[in-house]
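K.L.:
with the sequence up front, the predicted model follows.
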Amino acid sequence: MRIGAHVDSDNPLAGAIARDGDAVQFFLTDPQGFAAPKPRADAAELLSSSIDVYIHAPYLVNVATPNNRIRIPSRKLLMQHAKAAAAIGAKGLIVHGGHVGQGEDLQGGFVNWRKAFAYAAESGGFDLPILIENTAGGDNACARRLDALAGLWEALDGYQVGFVLDTCHAHAGGEELLGIVDRVKAITGRIDLVHLNDSKDPFDSGRDRHTNIGAGEIDPELLVAVVRAAGAPVIVETPGGVAGQAADIAYLRERVGR
């Protein structure tokens, strides 16, 4: 099982090695901005590394929204990040499920997601798997509740799309972790990556605040059970820098094996 961490983008491979990780995730640009990614000086090193690379799209990407001033730049940015991620050999580009405005029809968000894939197809499609991640908050979110996720997956039928299960987001979003892998796979047919995070906040809080394994509100044994059941690579997005994330990785390795 490949286990790693989300690290700073300056020297991600060194960050992975320092944490004893064999996978790594990072941003290509400011996660709170709409800047296009630039070619990386370490592209050849990333391409040839035995460490699996995942790229997270900026948080501002929201292809579901009916707001044209956000949706259209988001579609363009998603394409740009997909091309840049593929250029460094990334296994996938992670993007949040997005949301529509308060009181607006969620079905419109699903339709807009399909349009984003159709937009990409006009240019030859995405150059690597797009992995949609469940989110923690908002009743108008496309991938917080599993019933909404089912609507999104139905809208994307026919396109190659993967799924990232974030344990903190599921807990904070009001989805029980016990048996969640089976419930998700019944909808998506797959889990491509697990974001393994404890939560600072109680169940169904809607708050996205990660913490280290055993330091939050989620039973650590539940987290281990999710990892075992998913059988997918794992990225920890927990605090504490090298020491904190290395401890989380070591905890998982002891319980699920290398």
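P.N.:
In hand now; what should we look at? Residues are numbered from 1 along each chain as shown.
K.L.:
and the strands in the chain, which stretches?
P.N.:
Taking DSSP state E to define them, one finds strands in the chain at 3-6, 23-27, 52-56, 92-96, 130-133, 161-166, 193-195, 198-199, 210-211, 234-236.
K.L.:
quick one: average pLDDT of the first one?
P.N.:
Going back to what we said before, that points to strand 3-6. Strand 3-6 shows a mean pLDDT of 98 in the predicted model.
K.L.:
can you pull the buried residues of stretch 84-92?
P.N.:
84-88, 90-92 (16 or more other CB atoms under 10 Å). Bear in mind the C-beta positions are built from the backbone N, C-alpha and C, glycine included.
K.L.:
before we move on, the earlier item: pick the most buried one from the strands of the chain.
P.N.:
Of all the strands of the chain, strand 234-236 has the most neighbours on average by mean count of other CB atoms under 10 Å, namely a mean of 29.
K.L.:
just how off-centre is that strand within its chain?
P.N.:
10 Å (CA atoms, centre = their mean, to the nearest Å).
K.L.:
by contact count, what packs against that strand?
P.N.:
strand 3-6, strand 23-27, strand 193-195, helix 241-256 (3 or more CB pairs under 8 Å, 6 or more residues apart in numbering; DSSP states H and E).
K.L.:
with distance to Val184 as extra columns, can I get these in a markdown table?
P.N.:
Listed next are the helices and strands packed on strand 234-236 as a markdown table, based on distance: least, CB to CB, whole Å:
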| stretch | distance to Val184 |
| --- | --- |
| strand 3-6 | 20 |
| strand 23-27 | 20 |
| strand 193-195 | 10 |
| helix 241-256 | 18 |
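K.L.:
can you say which of these is nearest to His99?
P.N.:
The closest of the helices and strands packed on strand 234-236 to His99 is strand 193-195. By CB to CB, the value is 18.4 Å.
K.L.:
okay, buried residues for the helix ranked longest in the chain please.
P.N.:
In terms of residue count, the longest helix belonging to the chain (DSSP state H) is helix 68-87. By neighbour count on 16+ other CB under 10 Å, the buried set for helix 68-87 is 70-71, 74-87.
K.L.:
which other helices and strands contact that helix?
P.N.:
strand 52-56, strand 92-96, helix 106-121.
K.L.:
report the contact partners of the nearest residue to Val61 once chain neighbours are set aside.
P.N.:
The spatially closest residue to Val61, leaving aside those adjacent along the chain, is Ser74, at 4.6 Å (CB to CB, 6 or more residues apart in numbering). Contacts for Ser74 (CB atoms under 8 Å, 6 or more residues apart in numbering) come out as 60-63, 65, 98, 116.
K.L.:
reformat these as CSV; add pLDDT and neighbour count.
P.N.:
Listed next are the contacts of Ser74 as CSV, based on pLDDT from 0 to 100; neighbours: other CB atoms under 10 Å:
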residue, pLDDT, neighbour count
Leu60, 95, 15
Val61, 97, 24
Asn62, 98, 23
Val63, 97, 27
Thr65, 97, 21
Gly98, 97, 25
Ala116, 97, 26
